[in-house]
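**Student:** sequence-free structure coming up:
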């Protein structure tokens, strides 16, 4: 095989044409894999297969032909091929891979902590391969899933394919494809935006996020905070709320809309919970988690106990009440109310109640 000379240009043209026409729909993929199987030269077949799996990362891997190609990879010790095999192992690993997808200050730490304690699952991060992400500056970017991190956690010998992760992340078609491909169980937490902004303001004013000390270093290290001025803690409350509405407020509407649009594409269901209707309502919360996580009797009993005896400090609750957004002036709220009207054909009355706690006039 080493003596065979391939015309690299012809191979490249073939690959580009073949991959460009490869269907996204699973039902149409088999015929293309059958074409690949007819290639007589094993090296070329492996080359095309590698380009296929990296160009179409959410390829259906359950068909027999895919397993046949994967078997061929066992004979090739190239590191890139090994990575493909690890990714496929992570896809097929049986376990509960739970992702809490959260709006700011929506009780997500409480939910993650409850699930971790109830099921004895590790709490992990999925947005960087680093074990401790903050020192690497991860807080300054959208918390997209890193597949290196996902594979590491799924295949971790102590986790047995089970874990819970918690990230602030808006929906995208790529993320939905990841959720479907890897069998992730998504829980989406939301909260009245104005209540969450008051809670955010409390956190900043209490000094849990420092802007006045070594602010230049913080802004270089944590660019996600660059939308908040360094003199934030010296502003009046009305000024601070206006600032938060113009940054986190618009992000929260974008977050809500993105999941409303894309959740229909999640094959195995999604669990929506709101701070007001579930976090503050133990009976409804227990019922929701029981059903979505398919808990057995022992797990249900543990869930009931943990929710009624939660660790307030570890769960990062501030006040744990609703209605705090009343402190925000009407003229400040009007900015988000006006913005939401652009999406009047998508946002129902129920959606507006979830977003604002009332229906804007």
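**Tutor:** Happy to help now that I have it. Since this is a predicted model, take the numbers as computed values, not measurements.
**Student:** domains in this structure, as residue ranges please.
**Tutor:** Following automatic domain parsing, the chain resolves into domains at 8-92, 97-356.
**Student:** what's the most buried one of those?
**Tutor:** With neighbours defined by mean count of other Cβ atoms under 10 Å, none of the domains of the chain is more surrounded on average than domain 97-356, at a mean of 17. Where you see a C-beta, it was placed from the backbone N, CA and C, and this is true even at glycine.
**Student:** off-centre distance for it?
**Tutor:** Put simply, domain 97-356 sits 10 Å off its chain's centre (Cα atoms, centre = their mean, to the nearest Å).
**Student:** kindly report the same for stretch 58-67.
**Tutor:** Distance of stretch 58-67 from its chain centroid, counting by Cα atoms, centre = their mean, is 25 Å.
**Student:** how long is it from one end to the other?
**Tutor:** Across stretch 58-67, the terminal residues are separated by 15 Å (Cα to Cα, to the nearest Å).
**Student:** list the contacts of it.
**Tutor:** With Cβ atoms under 8 Å, 6 or more residues apart in numbering as the test, stretch 58-67 has contacts from 26, 29-30, 33-34, 36-37, 52-53, 70, 88, 91-92, 177-178, 180-181.
**Student:** try 6 Å this time
**Tutor:** 26, 29, 30, 33, 37, 88, 177, 181 (Cβ atoms under 6 Å, 6 or more residues apart in numbering).
**Student:** could you tell me the least trusted of the domains of the chain?
**Tutor:** Sorting the domains of the chain by mean pLDDT places domain 8-92 lowest, at a mean of 70.
**Student:** nearest to residue 245, of the contacts of stretch 58-67?
**Tutor:** Sorting the contacts of stretch 58-67 by distance to residue 245 puts residue 177 at the head of the list, at 32.7 Å, by Cβ to Cβ.
**Student:** what ranges do the strands span in the stretch 151-300 of the chain?
**Tutor:** Ranges of strands in the stretch 151-300 of the chain, per DSSP state E, counting those that start in this stretch, are 163-167, 184-190, 271-274.
**Student:** let me know the closest of the contacts of stretch 58-67 to residue 270.
**Tutor:** For the contacts of stretch 58-67, the nearest to residue 270 is residue 177 (14.2 Å; Cβ to Cβ).
**Student:** against residue 141, how distant is that closest one?
**Tutor:** 20 Å (Cβ to Cβ, to the nearest Å).
**Student:** with residue 190 instead?
**Tutor:** The value you get for residue 190 to residue 141, if Cβ to Cβ is used, is 22 Å.
**Student:** and residue 106, by the same measure?
**Tutor:** Distance of residue 106 to residue 141, given as Cβ to Cβ: 20 Å.
**Student:** what segments of the stretch 1-150 of the chain are helices?
**Tutor:** Listed in chain order, the helices of the stretch 1-150 of the chain (DSSP state H, counting those that start in this stretch) span 8-20, 29-37, 42-55, 64-73, 79-92, 108-119, 147-154.
**Student:** just give the nearest non-adjacent residue to residue 147, would you?
**Tutor:** Spatially, and ignoring its direct neighbours in sequence, residue 147 is nearest to residue 87 (6.8 Å; Cβ to Cβ, 6 or more residues apart in numbering).
**Student:** export the contacts of stretch 58-67 as a markdown table, with columns for distance to residue 127.
**Tutor:** Listed next are the contacts of stretch 58-67 as a markdown table, based on distance: Cβ to Cβ, whole Å:
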| residue | distance to residue 127 |
| --- | --- |
| 26 | 28 |
| 29 | 29 |
| 30 | 34 |
| 33 | 32 |
| 37 | 37 |
| 88 | 22 |
| 177 | 17 |
| 181 | 17 |
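**Student:** what's the most distant pair in these?
**Tutor:** Within the contacts of stretch 58-67, 37 and 177 form the most distant pair, 25.0 Å apart (Cβ to Cβ).
**Student:** quick one: residues contacting the nearest residue to residue 275 once chain neighbours are set aside.
**Tutor:** Sequence neighbours aside, residue 191 is the residue nearest to residue 275 in space, at 3.7 Å (criterion: Cβ to Cβ, 6+ apart). By Cβ under 6 Å, 6+ apart, residue 191 lies in contact with 103, 106, 275.
**Student:** let's see that with 8 Å instead.
**Tutor:** Each residue near residue 191 by Cβ under 8 Å, 6+ apart is listed here: 103, 104, 105, 106, 107, 274, 275, 276, 279.
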